[in-house]
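J.: Just need the structure, nothing else, for what follows:
(one chain, ligands or ions: 1)
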Amino acid sequence: MMNAIQLQAPEQFRMISIDEPGPVAAGEALVQVHRVGICGTDISGYLGKMPFFAYPVIPGHELGVEVLEVGAEVSEVEVGDACSVEPYLNDPNSFSSRRGRTNCCETLEVLGVHTDGGLRPRMVVPARKLHPSKEMSYDQLALVETLAIGCHAIGRGRAVEGEHVLVIGAGPIGLSVIEFAKIAKARITVLDLNETRLQFCREVMGVDHVVSAGEEDLVLGQLEAITDGNLFTLVLDATGSNQSMSKGVEYVGHTGRFVFVGISTQPLTYYHPLLHRREMTLLTSRNALPEEFGKIIQWIESGVIDTRPWMTHRSPFEQLIEDFPAYTRPETGVIKAIVDVSR
Ligand SMILES: [Zn+2]
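T.: Numbers count the residues shown, from 1 in each chain. Sure, this is the predicted structure:
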């Protein structure tokens with residue numbers, strides 16, 4: 001038997017005792033979970049604001065793991081490999097998977113959201129979902145999934161060098177979007193309510209402009225000034241707030257694209273002629289693709305992405321239930337909390 005942390009209902013974590021996983025079937029791998037990153041999805045699940053959470057569930061989808069055992073027909077990894085896990089369990093024969101869009105498979109199950117995730121010492125996962133690295137730490141491997149969300153969103157928006165990109169919301173997902181807008185060499189402006197987060201974007205992330213979300217006319221004026229009156233050819237919303245997602249279209253310039261990265265369960269409202277006159281493109285971005293995990297691992301290994309600013313808080317596994325409520329409060333300065341499942 002081993003201990004696992006289960007979210008039984010909103011705001012109700014419990015340490016439970018579960019069977020050791022196994023046996024390992026063909027195509028699968030048994031892994032030791034070393035690190036789990038806590039993300040906005042986990043926080044929303046804890047607060048009861050995440051529509052997809054299947055309570056009771058063992059959370060944990062940002063994973064740094066070690067391969068302990070492989071089943072038959074596994075060629076992707078070997079025993080001892082350190083890996084990041086792509087937690088999106090898709091049906092390879094589904095309509096979207098066959099179109100190469102494994103990230104939004106019709107029957108997609110995300111580890112730690114729809115099905116049990118990594119807040120347990122050992123688990124079995126499909127070997128094709130493991131992305132190994134010979135150089136990265138388990139902390140860094142646990143960060144790859146968060147980064148993949150931003151990488152996919154920037155890919156959806158097709159950011160190009162030199163264009164004006166606006167990122168709305170500077171929480172972890174917004175920061176992850178910024179990381180890839182930087183790699184695309186876009187000119188980046190960040191809009192957020194929280195001054196501490198804006199300061200972080202300016203001083204640590206090195207973005208070009210930050211704008212404090214406040215009085216509406218003032219915000220629009222500042223955004224126009226930054227872009228010579230043209231507004232932004234690419235805007236990405238990482239707030240998940242229906243108000244922000246509705247308002248955001250006003251910051252998209254003629255011919256521009258708007259990408260929804262965050263999810264709202266509320267309806268969005270637009271004045272359609274505004275979108276139409278500008279011939280705006282609206283896009284959504286869900287999860288990420290396997291090749292994006294591979295690219296991020298290369299970028300971290302080669303130093304293009306610096307993971308150090310990301311890791312702000314840590315909890316030992318035994319301490320997480322007590323520490324978790326603090327991670328739901330942005331004023332604690334948490335960007336990424338990492339759980340040491342086995343040290
Ligand atoms: Zn995540």
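
J.: How far away from the center of its chain is stretch 257-276?
T.: Once both centres are worked out by C-alpha atoms, centre = their mean, to the nearest Å, stretch 257-276 turns out to sit 20 Å from its chain's centre.

J.: now do the same end-to-end measure for it.
T.: 12 Å (C-alpha to C-alpha, to the nearest Å).

J.: what comes up buried for it?
T.: Arg257, Phe258, Val259, Phe260, Val261, Gly262, Ile263, Ser264, Tyr270, Leu275 (16 or more other C-beta atoms under 10 Å). Every residue, glycine included, has its C-beta placed from N, CA and C.

J.: Farthest pair within those?
T.: Spanning the widest gap among the buried residues of stretch 257-276 are Ile263 and Leu275, at 20.1 Å by C-beta to C-beta.

J.: just to revisit the earlier point, tell me which of the buried residues of stretch 257-276 fall in strands.
T.: The strands, defined by DSSP state E, take in Arg257, Phe258, Val259, Phe260 from the buried residues of stretch 257-276.

J.: And the strands in the stretch 151-300 of the chain?
T.: In the stretch 151-300 of the chain, the strands defined using DSSP state E, counting those that start in this stretch lie at 164-168, 187-192, 209-212, 232-237, 252-260, 281-284.

J.: What strands line up against the fifth one, and which way round?
T.: Taking DSSP bridges as the criterion, strand 252-260 forms sheet pairs with strand 232-237 (parallel), strand 281-284 (parallel).

J.: So what's the residue count around the closest residue to Ile188 other than its chain neighbours?
T.: Among residues not flanking Ile188 along the chain, Val207 sits closest, at 4.3 Å (C-beta to C-beta, 6 or more residues apart in numbering). Val207 sits with 23 neighbouring residues when counted by other C-beta atoms under 10 Å.

J.: picking that back up, most neighbours per residue, which of the strands paired with strand 252-260?
T.: Most buried of the strands paired with strand 252-260, by mean neighbour count (mean count of other C-beta atoms under 10 Å): strand 232-237, with a mean of 26.

J.: can you list contacts of it?
T.: Here strand 232-237 makes contact (C-beta atoms under 8 Å, 6 or more residues apart in numbering) with 153-154, 157-159, 163-169, 174, 177, 181, 186, 189, 223, 244-245, 248-249, 251-253, 255-262, 285.

J.: for stretch 94-104, same thing?
T.: 88, 90-92, 105-107, 152, 286-290.

J.: residues of that stretch that come out buried?
T.: Ser94, Ser96, Ser97, Thr102, Asn103, Cys104.

J.: And stretch 6-21, by the same measure?
T.: Of the residues in stretch 6-21, those buried (16+ other C-beta under 10 Å) are Gln6, Leu7, Phe13, Ile18, Pro21.

J.: Now render these as TSV, adding distance to Leu234, pLDDT and secondary structure.
T.: Listed next are the buried residues of stretch 6-21 as TSV, based on distance: C-beta to C-beta, whole Å; pLDDT from 0 to 100; DSSP: H, G, I helix; E, B strand; the rest coil:
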residue	distance to Leu234	pLDDT	secondary structure
Gln6	40	98	strand
Leu7	35	97	strand
Phe13	39	97	strand
Ile18	45	97	strand
Pro21	43	96	coil
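
J.: what's the closest of the residues you listed to the ion?
T.: Each of the buried residues of stretch 6-21 was scored against the ion by C-beta to the ion, and Leu7 proved nearest at 14.7 Å.
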